[in-house]
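Asks: got a predicted structure plus its sequence, pasted below:
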Amino acid sequence: MRIALIGNSGSGKSTLARQFASARALPMLDLDTVAWEPGKIAVARDPEAAARDVQGFCGTNESWVVEGCYASLVRAALAYSPLLLFLEPGVEACLANCRSRPWEPHKYASQQMQDQHLEFLLAWVREYYSRAGELSLAAHQELFDEYRGPKHKLTTRVAASELVARPDLT
């Protein structure tokens with residue numbers, strides 16, 4: 001089983017990816033870990049190097065979960081014909097999830113440091129619907145529309161949770 005998740009920050013990608021990984025013993029790749037320089041806030045890696053890391057992960061593991069908001073990196077995973085899940089619960093749900101998210105030690109040295117970036121994150125979430133580029137709703141929708149493999153667009157947490165419980169995900 002291979003699953004790729006895409007959506008706005010706060011849409012529930014990481015939570016759903018962890019649920020799939022746990023329930024089905026799948027290795028998981030958070031695309032933030034390949035898109036950014038380790039230990040450096042807001043220092044992007046070379047996009048080609050990041051894409052090679054995604055390809056390496058997907059090619060090395062028979063089954064997996066990949067999640068993130070980077071259309072180009074999710075596109076690299078789509079070459080392996082996963083189930084594509086596009087999470088789009090709306091801006092208010094994303095904002096609420098961001099406000100209640102636990103500390104992410106792979107992104108921030110402390111909860112306090114993460115909390116200091118919350119207002120920036122909330123603004124980023126709001127801009128998803130109007131910005132251009134690979135981190136936008138438009139890019140995610142285009143990726144979803146173009147993908148010819150199995151896919152679902154999920155607009156509620158309930159729909160996402162129900163999907164985890166299904167034995168057949170197609």
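Replies: Arrived safely. Numbering: from 1, shown residues only.

Asks: all contacts plus neighbour counts: C-alpha atoms, from now on.
Replies: OK.

Asks: show me what contacts A4?
Replies: By CA atoms under 8 Å, 6 or more residues apart in numbering, the contact set of A4 is 65-67, 74, 77-78, 82-85.

Asks: any idea how far the spatially most central residue of the chain lies from Q114?
Replies: For the chain, the residue nearest the mean C-alpha position is G68 (2.2 Å; CA atoms, centre = their mean). G68 sits 18 Å away from Q114, going by CA to CA, to the nearest Å.

Asks: now swap in R101 and tell me
Replies: Distance check for R101 against Q114: by CA to CA, it reads 10 Å.

Asks: of the two, who's got more company?
Replies: Higher neighbour count among R101 and Q114: Q114, with 17 against 14, using other CA atoms under 10 Å.

Asks: can you pull the pLDDT of that one?
Replies: pLDDT for Q114: 86.

Asks: in a helix, it, correct?
Replies: Yes. The assignment for Q114 by DSSP: H, G, I helix; E, B strand; the rest coil puts it in a helix.

Asks: can you give me the buried ones in the helix or strand where L95 lies?
Replies: Assessed by DSSP states H and E, L95 sits inside helix 91-100. Within helix 91-100, the residues scored as buried using 16 or more other CA atoms under 10 Å are 91, 93-95, 98.

Asks: equivalent analysis for stretch 158-170, please.
Replies: Result for stretch 158-170 [16+ other CA under 10 Å]: buried residues 160, 163-164.

Asks: for it, which outside residues touch it?
Replies: Stretch 158-170 has contacts (CA under 8 Å, 6+ apart) with 16, 19-20, 23, 83, 150-151, 154.

Asks: now the buried members of those.
Replies: Buried by 16+ other CA under 10 Å: 16, 19-20, 83, 151, 154, out of the contacts of stretch 158-170.

Asks: these in helices, which ones?
Replies: Residues of the buried ones among the contacts of stretch 158-170 located in helices (DSSP state H): 16, 19-20.

Asks: number of nearby residues for A132?
Replies: Using other CA under 10 Å, A132 has 12 neighbouring residues.

Asks: make CSV from the contacts of stretch 158-170 and add distance to A4 to it.
Replies: Converted to CSV, these look like this (distance: CA to CA, whole Å):
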residue, distance to A4
L16, 11
Q19, 13
F20, 11
A23, 16
L83, 6
P150, 10
K151, 9
L154, 13
